[in-house]
Every structure is written in structure tokens, then in C-alpha cells.
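Trainee: Here you go, sequence then predicted model.
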Amino acid sequence: MPDLTYRQAVSAGLAQEMARDERVVLLGEDIASGGVFKTTVGLRDRFGPARVRNTPISETAIAGAAMGAAMAGLRPVAEIMFSDFYGVCWDQVAVEMAKARYMTGGQFGLPLVVRGANGGGLGFGAQHSQAVENWALCVPGLKIVSPATPADVVGLLAAAVRDDDPVLVFEHKALYGTKGPVPDGEHVLPLGSAAVLREGDDVTLVALSLTVGLCLAAADRLAAAGVSATVIDLRCLVPLDAATVLASVRRTGHAVIVEENPGQLGWGAGIAAILAEEAFIDLDGPVVRVSGGNIPLPVAAPLEAEVSVSTDRVVAAVSRLLDVPVPAVVSLA
Amino acid sequence: MTTGVDTALALHLHEQMVFIRRFEAKVDALYRQGRVRGPAHLGIGQEAVAVGAASVLRPGDRSIGTYRGHAHALARGAPPDAVLRELLGRTGGICAGKGGSMHITSVEHGYYGSYAIIGAHLPIACGLAWADQIRGDDAVTLCFFGDGTTNIGAFHEALNLAAVWSLPVVFVCENNHYMEYTPIADVIAVKQPAADRAAAYGLAPLCVDGNDVDAVRAVIGAAVDRARNGGGPSLVEAETYRHGGHSAADPATYRSTEEVAQWKLRDPLLRHAEQLCASGVSDGDIEAVTTGVAAEIERITVEALAAPSPSADTAWTDMWSDGSSRWRN
């Protein structure tokens, strides 16, 4: 089981799928030379320029060409370099590919993936740091995947490529450098199956992508204070594995949802609504959300940290909810 | 005097144009009776573009169009009764009641749909053509849009991508001189909305009289042959005119009666009928086409109006590839 970085896992997952299915083709800006985040390194040399196509800076054309190619039987994977750029091609994503199958009475499939770098934490500023998975969650007809580990990058990317519907894969740019084991051989995970990463009795932490690591670190600190937390990585927002979340919250009686996107109408609001409607009698306290700030992301480190989710904020929220003292940060030194 | 084969083809094209004209006139009448669900954008006056273009395609070629798309679907062979039922919201609609007038689609006949966001389907056409290019097929994609589309970003992104990738796609601008309620001349800095932009993508400025079905066949046919033989994309501007308003709800009072009358003298159906006569086809044969079409449209109208509405629970099917619309467990 080799260790790969999250960014290497992207190219490994794409290579795995391109090797098994020649209908899988890639398009995007700078991808032929490996991409600005080095997530497509080596793919053009291995699979050739016909299947790994550089595009102009034309997100509308990229997304639209992916859609047309999928309608004609290919399985394209389009890169939107920074997910902020979804704003440029939102018509193609939200109004064309999300609706075309339905509005034609199912006359064609749209087996396509749009993937790219999502989220903040690296000082890229207001226009290159947004976590926008909640935009997609407002649009029926899009599947939404956001992996937290290199192994999940491979497994979920493979599942997205093999799925017959449009799937948006939100990779996290602050995770690209993280490393982890990836299973040998072909690795595919189901879509819509959350991972319970840690089992505890006192509170359920619901996480996605970047916030998975924050929640695991928070659970460690809480354990030192005698609080035992379950950590669930949703992995997908659509299909949503609500059953796993509901089952856990019914057991722990407490839920803290940790999302990077702004809280105004983040995906956590949808999870909270499900818990309120379907697990109300099992709750021993309010459903709590820890979200990104309702503000554009600034650049200077203390400013960005001020408005972003963090382990400290998760720990503080759980402590408030359970009415226990906030555990001290344990020095690593 | 033309040959028998030519005459048969000419009569076939004439029948298609007459059929589309009568079909849309029927849609207009049904709209005014409140029987059409949602808007209806008619292309009465523009039939020669759809019919001429479709006639140079082969089975396996792809076409794609806009919300003013009835003609393009019918010209590729989409079953008119299913199209009409879609417009009326009855069972048997070609999009199962989920598309309506603006989204008529018949993939079975190579028509990949009608899209209602201006410019959105031009990049999609690039993707259709890219798939054929990658597979090494010699299929060609034809993409229809109006003059108003030439001002939106997707037009420019798609034309550039098609040119850079040398895609087998022919873009056909149906220049009917009005973007919705506004003269196109008021909102472009050049004279011809498509042809004058072609140079920006390294393409030739191709223009054709869109009210002359034979001219359409010649110009688009040559562009299709070029695309099929690896010569890359073309941009064709077909000059035409819609006799009615932007949609069936638009009385088009922004146009002078003189202007409309002038264009009706150039009606593609009248001109084609004159050509048929000149080539030796009898008035009786031409009249027989019209009579047959009228009877067929009456028959499908009666049947469509007698058909029940779709069952409400079918609203929840067809979103995902497994047929469901379930988003969570």
C-alpha cells in the first residue's frame, strides 16, 4: 500500500480509469503539462494528446464540451482549475448538464466529471479560495463528491468517472500536499457512502473534505478531556448518506456539523434540517454548526484564520454544547 | 427540366417545408386557444434553413438547436405527433412532458436537443463533434442559433475552441434580423452578426440566402463535406426572417408592416413552389402536397387533443441515469 500525496492520488485515480476505459478523456487549462496544481502529471505522456486536451481559458467551453462529449458517449473529465471559476460557467453546470437528461425525458446519459481545486487556507484571497460545494447543493441533478484523503481521492474519483450522471468533484487545494496510504490495485468506492472514522458516545461530528482532519484533531483533544466523539466523513453531499448521520446522532444525542463554506446557507443547514425533522426526539441539545464566515476570504494569515473553520472552533463548539471546560491545546513539543 | 431524382428530392423538400409551416401555424392556433403549455417560439418564414440543412446530413450526423427548434427536430425526422403532444402536455410527448416547446429533442433522429439559454448549446456542439473526432468517426455536428447569440460569450468560446481543435462542426446562424424585440443592427458594431466575426476564428465569412432552400443546401452541404473530410469547422450566416414575433405572445409591433410585407414576398415556400413550377412540376402535384400535409396535421392534432395528461407521479422520474430522482438515503 504505497503512500501518495493527495495531488498524486488525483493523477493516479485518473490514470486508473483512463487505463481501463478508453472513453475517459480529459480537458482543461494547462492539464497537458501537468496542471497548475500538478494533478494531471504524466497523463498526456501516457495516454496521448488526443485524450488529454489543453483548452483555452474558456470555462464555458470546457464544461459545455464535456457535456456534449458525454451526450455522444465519451466519459469526459473536465478540470475547472479553481472552483471559484464555476461562476464563469455556472450556466453550463447548473442549467445545462444538471437538467438536460430530465428535460429530454431521459434521452441521453451524461457520464461526466467536473473536478478542480476548492477551498481556502492558502492565502489565495477572495476569488481563488471559495468553498463552493454549497452552490452545487442548491441544484438538483448534480452529484457532489469531496474527498478528504488520498485513498478517497482515488476511490471516489473512480466512482465519479464510472457514474452515468454529472458528478462534481471538489478537491481541496490545502490538502494537495498531504500524504496517505492508497490501496494497491484498482480502488473504487461507492458514491453516497459516508465513512465513520472514529466512534464515540457523546457527540457526532459531521465533516467533509478539509474539515475531516479538523474534526479528527478536535476529537483527539476532546478525548483527553473525557469527551468521546464520533467523526463522520460524508464524502458526498449528493447522494447523501443521511442514514449514517441519523443513526449516529440518535445514539450520541448531539450533533456538530463542520463545514468550510459560508454558514449563510451552507450544506450544514441541510443536514441540520434533516436532523431536526427526523431525529428531534433523540437530540439532547441543539444541532450546532461550525461554518466558514459569511464574508469574502481575506489574504493575511491572521485575517483568513479569523473567518475560517478550525480545530479550535470545533473543540469550543463541542465544549459549549456539552457544557464541559474547553480542553487545553496539548503541545506537540 | 430537372431529372426525376431531382424532382423527387425537390418535392420532398417542399413537403417538409410545407409540413413545418402548417405544423407551426397549428401550434400558433392552439397557443391562442390556451392549449399550449408555456411559450412557443415559432420559425414561420425560416423553414428553408432547417430543411435545407437537414437534407445534407446523413444518419449518424448530429444536430442541435435553440428554443426556436420545432423545425430542426421535424426536419431530422422527429415524429410530429410526439412533438405536438409535448407542446400540449399530453401523454406520448417526445420529452415525456418534461421539456415542452423550448426543449424538443429526438436523439433517435440525431437531434440532440433545443436549449433555451442563449449560446449554451454551442459549446455542447463542440463536445458532440469532439467525441466523433476522438473516435475517428466521420460524423458531422450541425449547430443552429440566432443572430442574438453572436453577442454572448459562449458563442466566442465555442467558435474559438472548434477552430483551435479543428472540430467537425458547422455553426449555422439563422439571422432573422431581430434579437427578441430589438433589431440586431442596434446591438452589433459590424454589419453581419456572424459572418463579420468569422475572421476572429480564422474562418471564412460564409453567407447564404436562408430563404432559398437550394442555396442553403449548397453552402451548408459544402461546409458539412469539409468538416467530414477533416477540414474543420465553418460558420455560416443564413439570412432569413420570422414572419411572426419572437414568441407566439409577441405581436411584433416594433416592425413596420412594409418591412414584413417585403419579406413575405421572399417567403421560402412561395419561392420554392415557383421553382418547382418552373422545373415542370404541375400545380396539381404541388397542391396535393399541401392537401396531404393539412390532413396529416389535422389527424395528429385530433389525436393529441384526445390524449390524456401524463400521470403526475412521472414528474419524479428521469433525473438520474437509474431513472430516479432520489438524492439521499
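Mentor: Yes, it's here. Quantities reported herein were computed from a predicted structural model and do not represent experimental measurements.
Trainee: how does chain A divide up, domain by domain?
Mentor: Annotated domains of chain A cover A:3-181, A:195-322 [automatic domain parsing].
Trainee: Most tightly packed of those domains?
Mentor: Between those, domain A:3-181 has the highest mean count of neighbours, a mean of 22, where neighbours are mean count of other CB atoms under 10 Å in any protein chain shown. Every residue, glycine included, has its C-beta placed from N, CA and C.
Trainee: got the end-to-end distance for it?
Mentor: 4 Å (CA to CA, to the nearest Å).
Trainee: How about stretch B:132-151?
Mentor: For stretch B:132-151, the end-to-end distance is 28 Å (CA to CA).
Trainee: what's the average pLDDT for it?
Mentor: For stretch B:132-151, mean pLDDT rounds to 98.
Trainee: And stretch A:53-64, by the same measure?
Mentor: Average pLDDT, stretch A:53-64: 98.
Trainee: which residues sit against that stretch?
Mentor: A:25-33, A:65, A:78-80, A:85-86, A:88-89, A:91-93, A:96-97, A:114, B:120-124, B:126-127, B:153-154, B:157-158, B:160-161, B:164-165 (CB atoms under 8 Å, 6 or more residues apart in numbering or on different chains).
Trainee: Which residues of the stretch 51-200 of chain B lie near chain A?
Mentor: With CB under 8 Å from any CB of the partner chain as the criterion, the stretch 51-200 of chain B comes near chain A at residues B:62, B:93-99, B:103, B:105-108, B:112-113, B:115, B:117, B:120-132, B:134, B:153-154, B:157-158, B:160-161, B:164-165.
Trainee: Derive a ChimeraX selection command for the buried subset of those residues.
Mentor: The buried residues among those can be selected in ChimeraX (16 or more other CB atoms under 10 Å in any protein chain shown) with this line:
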select /B:62,93,94,95,96,97,98,99,103,105,106,112,113,115,120,121,122,123,124,125,126,127,128,129,130,131,132,134,153,154,157,158,160,161,164,165
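Trainee: can you list the domains of chain A in CSV and add distance to B:D147?
Mentor: What follows is the domains of chain A, written out as CSV (distance: least, CB to CB, whole Å):
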stretch, distance to B:D147
domain A:3-181, 20
domain A:195-322, 39
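Trainee: mind checking the SS state of the closest residue to A:I257 other than its chain neighbours?
Mentor: Spatially, and ignoring its direct neighbours in sequence, A:I257 is nearest to A:G268 (3.8 Å; CB to CB, 6 or more residues apart in numbering or on different chains). Classification of A:G268 by DSSP: H, G, I helix; E, B strand; the rest coil places it in helix.
Trainee: surely A:G268 meets A:V288?
Mentor: No: contact criterion CB atoms under 8 Å: A:G268 and A:V288 do not qualify, at 9.3 Å.
Trainee: Residues of the stretch 201-329 of chain B that sit close to chain A?
Mentor: So the stretch 201-329 of chain B meets chain A at B:317-321, B:323, B:325-329 (CB under 8 Å from any CB).
Trainee: now with 10 Å?
Mentor: When proximity is defined by CB under 10 Å from any CB of the partner chain, the stretch 201-329 of chain B lies next to chain A at B:314-315, B:317-323, B:325-329.
Trainee: okay, the residue nearest the centre of chain A: pLDDT?
Mentor: Most central in chain A under CA atoms, centre = their mean is A:S146, positioned 1.8 Å from the mean C-alpha point. With respect to pLDDT, A:S146 has a value of 98.
Trainee: what residues are up against A:Q130?
Mentor: By CB atoms under 10 Å, 6 or more residues apart in numbering or on different chains, the residues touching A:Q130 are A:82-87, A:118-120, A:124, A:260-262, A:292, A:296-297.
Trainee: So, low pLDDT: which residues of the chain?
Mentor: Picking chain A for this. Applying pLDDT under 70 to chain A picks out residues A:330-333.
Trainee: try chain B instead
Mentor: Using pLDDT under 70, chain B drops low at B:1-3, B:5.
Trainee: residue closest to the middle of it?
Mentor: Residue closest to the average C-alpha location in chain B (CA atoms, centre = their mean): B:H72, at 3.0 Å.
Trainee: circling back: can you list the residues of the stretch 201-329 of chain B next to chain A in CSV and add secondary structure?
Mentor: Shown next, in CSV, are those (three-state DSSP):
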residue, secondary structure
B:T314, helix
B:A315, helix
B:T317, coil
B:D318, coil
B:M319, coil
B:W320, coil
B:S321, coil
B:D322, coil
B:G323, coil
B:S325, coil
B:R326, coil
B:W327, coil
B:R328, strand
B:N329, coil
